[in-house]
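A.B. asks: After the sequence you'll find the predicted model.
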Amino acid sequence: MTRKFTRFGGAALAGALLVLTACNPSGTGSADASAATSWSGFRDDFLAGYFPLNPTFAVYQGKHEFDGQLPDWSPEGIEKQAAFLEKTIADAKAFDGKMTDKERFERDYLIHVAEGQLFFLRDTDFAHKNPAYYIGALDPNVYVSRPYADAATRMKAFIAYAEKVPAAAAQIKANLTLPLPKTYVKLGSAGFGGFADYYTGDAKAAFAEVTDPALQKQFDEAAAKAAAAMKDLAAYVGSQPGTDDGYALGADKFAKMILTNEGVDTPLAELEAIGRADLKRNQDALKAACATFAPGAAIADCMAKMGSDKPADGPVAEARRQLPMLRAFLVEKDLVSIPGTEQAKVEESPPYNRQNSAYIDIPGPYEKGLPSVYYISPPDPSWDKATQQAFIPGKKDLLFTSVHEVWPGHFLNFLHSNRSDSIFGKLFVGYAFAEGWAHYSEEMMWDAGLGDGDPETHIGQLSNALLRDCRFLSAIGLHTQGMTVADSEKMFKEQCYQDEGNSRQQAARGTYDPLYLNYTMGKLMIRKLREDWTKGDRTKWKAFHDEFLSYGGPPIPMVRAAMMKEDAPHAVF
């Protein structure tokens, strides 16, 4: 999974798919881990084969010898990746060399990573219908915005990338079978079309300081061809009317998805009941907070009142003010260790990635001394003015987005994972671990005293919690129960009190990101593990947080088994 996490978009799934599909036609992936006699040798041989097969993933981790390369999305390239994963799983399970307990944990970690990635290759049809399968791997932001080298060096890498875009676009066009679901059409049109604008717009402007006219000419030629290819792809995606259905995985595949990716084997009916109970808990808390904040008002009006307290100078400026305060709160309350001195920048998100309201891009473990960037998006200009205005978050809503993305959410998670004892802990931070921790941290911060009991602050926290509850139930409904996109949108508005634009966006996301239940699913597993590990003693929260984060990001049931000294991993809510 790439180190990009999102609050309101498909970047988390796209990041996972970036790992799965990045098959380099010039790389053989020939390193044979099965020949190793020690676990460290097996692990190193696996990575030596994995990175050439996944060059885009490698670049985002800081392996810049793979700069400029793009995945091979031909049928042969995708099959090569699947075969590599299948062999990895079989060889890891059969490995009988001497191992320490930590090495056995790492072996099981690797098997889970490979099984989760293999699920999307073998069990879904995403390569033929889901634009999210491709958008993450096409993202050139690492060359444009991450200062890992001087501008001319990164410009050359971007040019190499752009020169490969037309061939990649042709492969994607050949793979995508029309008609697509309506929500996929909108995602693909916005994503691919956004890249076209980005190549010749913001990307071009980012390299304005490079004074070499020959290099600028080469950039213009490559960017123009890449933009034309992306415009053609966007037009192809939108060339047939989208369908109302065609996105559901079905119950069997959905259950296999959460088992292979997150180690959760809880029956779906029980999982749904768990989600409904958390929805009810948060709805009740919201009613109590609103009784103080907006006495006599309907819940929707109470939420609107919280949302109307918007930053006068915009959410980017407000978030920049929030981050130092949140870090100081963590230190004052001694809630978790903060390794290193790194800080996160806050910027407006690029046009091609504005289906995400907020997300953070975090440099990988092979990078040194580079900033993370917390991106916040403006509303969709195609919306009416009232919907656009409602989309801009209130200050307290944004506060918990900043908690989620930076302190102590994703950013702090990766400060710890980058220092993990395991290279897999550094590289493969799973969806439920990352989003579960970031979402868990919102409620934890409120419980620790953020806002000093202020009801408006509590409503901001609960707004975020309810959003994730409806994601949880929407994922199950859309993919296993025949829920329509309109049904999902109605649930977000009426049961989770989200605004019109956000509800529309969230319902659409559930169709192409079926794992977005991981926010609440991960949060609930972490809360239960904390209570069991600390036995309810709040003075042990810091020790718990540090221990939990030290694992990097494997499936949470694996972490539970290790921390609770249980014989076998299992999900506990």
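C.D. replies: Done, it's in. Numbering: from 1, shown residues only.
A.B. asks: Wasn't residue 373 part of a helix?
C.D. replies: No. Counting by DSSP: H, G, I helix; E, B strand; the rest coil, one finds residue 373 to be strand, located in no helix.
A.B. asks: Now residue 320: closest residue in space, sequence neighbours ignored.
C.D. replies: Sequence neighbours aside, residue 346 is the residue nearest to residue 320 in space, at 4.8 Å (criterion: Cβ to Cβ, 6 or more residues apart in numbering). Placement of C-beta: from N, CA and C, glycine included.
A.B. asks: Next, count neighbours for residue 48.
C.D. replies: Neighbours of residue 48 under the rule other Cβ atoms under 10 Å: 14.
A.B. asks: likewise residue 484?
C.D. replies: Residue 484 has 13 nearby residues by other Cβ under 10 Å.
A.B. asks: for residue 563, same thing?
C.D. replies: When neighbours are counted by other Cβ under 10 Å, residue 563 registers 17.
A.B. asks: So it is in contact with residue 533, correct?
C.D. replies: Yes. Between residue 563 and residue 533 there is a contact under Cβ atoms under 8 Å: 5.6 Å.
A.B. asks: Need the residues touching each of these two.
C.D. replies: residue 547 (Cβ atoms under 8 Å, 6 or more residues apart in numbering).
A.B. asks: so which strand or helix has residue 367?
C.D. replies: Applying DSSP states H and E as the criterion places residue 367 outside every helix and strand.
A.B. asks: For residue 270, see how far away it is.
C.D. replies: Taking Cβ to Cβ, to the nearest Å as the measure, residue 367 and residue 270 are separated by 41 Å.
A.B. asks: ditto for residue 335
C.D. replies: 32 Å.
A.B. asks: which of the two has more neighbours?
C.D. replies: Ranked by neighbour count (other Cβ under 10 Å), residue 335 and residue 270 place residue 335 first, with 21 against 10.
A.B. asks: right, and that one touches residue 408 too?
C.D. replies: Yes. Look at residue 335 against residue 408 with Cβ under 8 Å: they come within range, at 6.8 Å.
A.B. asks: tell me, what's touching these two both at once?
C.D. replies: 444, 445, 545.
A.B. asks: Include secondary structure and neighbour count when you put the residues you listed into CSV, please.
C.D. replies: Listed next are the shared contacts of residue 335 and residue 408 as CSV, based on DSSP: H, G, I helix; E, B strand; the rest coil; neighbours: other Cβ atoms under 10 Å:
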residue, secondary structure, neighbour count
444, helix, 21
445, helix, 25
545, helix, 23
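A.B. asks: what's the nearest residue to residue 152 if we skip its chain neighbours?
C.D. replies: Closest to residue 152 by Cβ to Cβ, 6+ apart is residue 210, at 5.1 Å.
A.B. asks: what's near enough to touch the one you found?
C.D. replies: 151, 152, 155, 216.
A.B. asks: so who does the first one touch?
C.D. replies: The contact partners of residue 151, taken as Cβ under 8 Å, 6+ apart, are 206, 207, 209, 210.
A.B. asks: cool, and the third one?
C.D. replies: Contacts were defined as Cβ under 8 Å, 6+ apart; by that measure residue 155 touches 143, 207, 210, 215, 219.
A.B. asks: Now flag whichever of those is closest to residue 308.
C.D. replies: Using Cβ to Cβ, residue 143 is the member of the contacts of residue 155 that lies nearest residue 308, at 39.8 Å.
A.B. asks: The closest one is in contact with residue 158, isn't it?
C.D. replies: Yes. Judged on Cβ under 8 Å, residue 143 makes contact with residue 158 at a distance of 4.2 Å.
A.B. asks: Show the average pLDDT along stretch 396-409.
C.D. replies: Across stretch 396-409, pLDDT averages out at 97.
A.B. asks: cool, and stretch 476-493?
C.D. replies: Computed over stretch 476-493, the mean pLDDT rounds to 98.
A.B. asks: next one: stretch 546-556
C.D. replies: 97.
A.B. asks: how far is that stretch from where the chain is centred?
C.D. replies: Remark: stretch 546-556 is offset 17 Å from the chain centroid, using Cα atoms, centre = their mean, to the nearest Å.
A.B. asks: Let's see that stretch as PDB, backbone CA atoms only.
C.D. replies: Extracted in PDB, the C-alpha atoms of stretch 546-556 (Å, rounded to 0.1, in the frame of the first residue of the first chain):
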ATOM      1  CA  ASP A 546       3.700   2.700  21.600                       C
ATOM      2  CA  GLU A 547       3.500  -1.100  21.600                       C
ATOM      3  CA  PHE A 548       0.700  -1.200  19.000                       C
ATOM      4  CA  LEU A 549       2.500   1.200  16.600                       C
ATOM      5  CA  SER A 550       5.800  -0.700  16.900                       C
ATOM      6  CA  TYR A 551       4.400  -3.500  14.700                       C
ATOM      7  CA  GLY A 552       4.300  -1.300  11.600                       C
ATOM      8  CA  GLY A 553       1.000  -2.300  10.100                       C
ATOM      9  CA  PRO A 554       0.000  -5.900   9.800                       C
ATOM     10  CA  PRO A 555      -3.500  -7.200  10.100                       C
ATOM     11  CA  ILE A 556      -4.800  -6.200  13.500                       C
END
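A.B. asks: Distance from the chain centre to the strand or helix carrying residue 143, please.
C.D. replies: Assessed by DSSP H and E, residue 143 sits inside helix 141-145. Helix 141-145 sits 18 Å away from the centroid of its parent chain (Cα atoms, centre = their mean).
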